[in-house]
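Peer 1: sequence plus predicted model, see below.
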Amino acid sequence: MNTPPKVPIPVIPEAWNSKEAWRVFGIMSEFVSATDRLNKIHPAVSVFGSARTKPGQPYYKLTEEIARLLSDAGFSVISGGGPGIMEAANKGAFYGKSPSVGLNIQLPHEQHSNTYQNISQTFQHFFARKVMFVKFASAYVVMPGGFGTLDELMEALTLVQTGKTRRMPIILVGSAFWGGLVEWFKTALLEEKVISPEDMDLIQLIDEPKEVVHAIFRHYETRGFEPSEAERERQLYL
């Protein structure tokens, strides 16, 4: 009988261990700095979408309109601070009545900060940035996008589904774009019983900009935008 080979145990240089330990302090500083800067922006709506959408394209214009309506309705608008849909969201809010917030991160190819930000915060770590999208949002508006947008969408759905954050509107804008994914949720996930029927209620599919705003207000009309003490406590463990 042949003995299977053993995986060698790597030797990690002591200098690298020290660097990893100090990295923890960098992560802590990002959380402290971002929390301090964003604590007063509520109520806020996080808007996600493709960095590759160009100005003048239909989804860019649609995002800009939605963000302007949200801003004029009293919501700070949070985006990733970069180009494409992120820029459109910041731009719409920038010319509205409420703050435009950019949570920036440097990426090798796509990310550069747009100029339409009243409040700008830069992150080195993806996961610290993602926590801030959740922590300060009263709703999620998800425009058409790629893997990064899907990542944010699935994280939002998971956190709400599992009760790690409060129940809030998760709005997919563009039935032509998102309809196939929603149908797959129904025919694959629901039929295989890997999600519950009520989980489908976490998602709203909306096309009209004004209806996006109305849907958020409908959700909160009986409870207000401020998190309860229990919800604040849960968010400490995001």
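Peer 2: Yep, that arrived.
Peer 1: biggest helix in the chain, by residue count?
Peer 2: Ranked by residue count under DSSP state H, the longest helix found in the chain is helix 14-38.
Peer 1: and the helix or strand just after that helix with helix 14-38, angle?
Peer 2: Next along the chain after helix 14-38, taking DSSP states H and E as the criterion, comes strand 44-48. Strand 44-48 and helix 14-38 are oriented at 130 degrees to each other (axes from the mean of the first three to the mean of the last three CA atoms, to 10 degrees).
Peer 1: ranges for the helices of the chain?
Peer 2: Assigned by DSSP H, the helices in the chain fall at 14-38, 58-72, 85-94, 126-135, 147-161, 175-184, 209-220, 229-235.
Peer 1: what about the shortest one, distance to the chain center?
Peer 2: Put plainly, it is helix 229-235. Between the centre of helix 229-235 and the centre of its chain there are 19 Å (CA atoms, centre = their mean, to the nearest Å).
Peer 1: re the thing from before, pull out the buried residues from the longest helix of the chain.
Peer 2: Neighbour counts over helix 14-38 (16 or more other CB atoms under 10 Å) mark E30, A34, L38 as buried. From N, CA and C alone the C-beta is placed, and that goes for glycine too.
Peer 1: my read: the last one touches F133, true?
Peer 2: Translated: L38. No. Using CB atoms under 8 Å, L38 makes no contact with F133, being 10.2 Å away.
Peer 1: comparing the helices of the chain, which comes out most buried?
Peer 2: Ranked by mean neighbour count, these are led by helix 85-94 with a mean of 29 (mean count of other CB atoms under 10 Å).
Peer 1: what helices and strands are in contact with that one?
Peer 2: Applying 3 or more CB pairs under 8 Å, 6 or more residues apart in numbering; DSSP states H and E, one finds that helix 85-94 makes contact with strand 44-48, helix 58-72, strand 76-79, strand 100-105.
Peer 1: need these in JSON lines with distance to R232 and mean pLDDT, can you?
Peer 2: What follows is the helices and strands packed on helix 85-94, written out as JSON lines (distance: least, CB to CB, whole Å; pLDDT from 0 to 100):
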{"stretch": "strand 44-48", "distance to R232": "15", "mean pLDDT": "96"}
{"stretch": "helix 58-72", "distance to R232": "23", "mean pLDDT": "98"}
{"stretch": "strand 76-79", "distance to R232": "18", "mean pLDDT": "96"}
{"stretch": "strand 100-105", "distance to R232": "20", "mean pLDDT": "93"}
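Peer 1: between these, which gets nearest to E229?
Peer 2: Among those, strand 44-48 comes nearest to E229, with 19.6 Å by CB to CB.
Peer 1: quick check: angle from that closest one to helix 126-135?
Peer 2: If you take the same axes, to 10 degrees, strand 44-48 sits at 130 degrees to helix 126-135.
Peer 1: adjacent strands (with direction) for strand 44-48?
Peer 2: With DSSP bridges as the test, strand 44-48 is paired with strand 76-79 (parallel), strand 139-142 (parallel).
Peer 1: highest mean neighbour count out of the ones you listed?
Peer 2: It is strand 76-79: most buried of those by mean count of other CB under 10 Å, with a mean of 30.
Peer 1: name the residues that touch it?
Peer 2: Strand 76-79 is contacted from outside by 41-48, 67, 70-71, 85-87, 89-90, 92-93, 96, 98-103, 119, 132-133, 136-137, using CB atoms under 8 Å, 6 or more residues apart in numbering.
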